[in-house]
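J.: Sequence first, then the predicted structure, then my questions.
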Amino acid sequence: MRDIILKIVKAEYVKDYVLRLTFNNAEVRLMDFEPLMDKGICKKLRDMDYFKSYTLDPFTVDWNNEIGFAPEFLYERSVLVK
């Protein structure tokens, strides 16, 4: 089990629907959001202008206070940058 509560402290657009996420445990991971865009409100992320308009709230990446994912979910689905 982790000793800290995960938070995303930095997010950078890479390409397509991929963000480089820096977590508070110092890991940098790549997250491809495209597989999440087939259901519900997440379909909004297909609009590239909307996708690129993300911000950081105190814990995670956020889109217009409409779409957000738990940092743990993003951590588990992302790939470690070596």
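T.: Looks like it came in fine. Residues are numbered from 1 along each chain as shown.
J.: Longest helix of the chain, counting residues only.
T.: Counting by DSSP state H, the longest helix found in the chain is helix 71-77.
J.: Could you export the longest strand seen in the chain as CSV, CA atoms only?
T.: Counting residues, the longest strand found in the chain (DSSP state E) is strand 8-15. Taking only C-alpha atoms (Å, rounded to 0.1, in the frame of the first residue of the first chain), the coordinates of strand 8-15 have been written out as CSV:
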residue,chain,number,x,y,z
ILE,A,8,-1.1,15.1,-9.8
VAL,A,9,1.2,18.1,-9.5
LYS,A,10,1.9,18.8,-13.2
ALA,A,11,0.2,17.9,-16.5
GLU,A,12,1.6,18.5,-20.0
TYR,A,13,0.0,17.9,-23.4
VAL,A,14,2.1,15.4,-25.4
LYS,A,15,0.2,14.5,-28.6
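J.: what's the next secondary structure element after that strand?
T.: strand 18-23 (DSSP states H and E).
J.: who's in contact with stretch 48-68?
T.: Taking contacts as C-beta atoms under 8 Å, 6 or more residues apart in numbering, the residues outside stretch 48-68 that touch it are 7-11, 13, 17, 19, 21, 33, 41-42, 44-45, 69-71, 74. Heads up, the C-betas are built off the backbone N, CA and C, glycines and all.
J.: Also stretch 20-38?
T.: Applying C-beta under 8 Å, 6+ apart, the set of residues contacting stretch 20-38 from outside is 2, 4, 6-14, 16-19, 42-43, 45-46, 51, 61, 69, 71, 74-75, 77-81.
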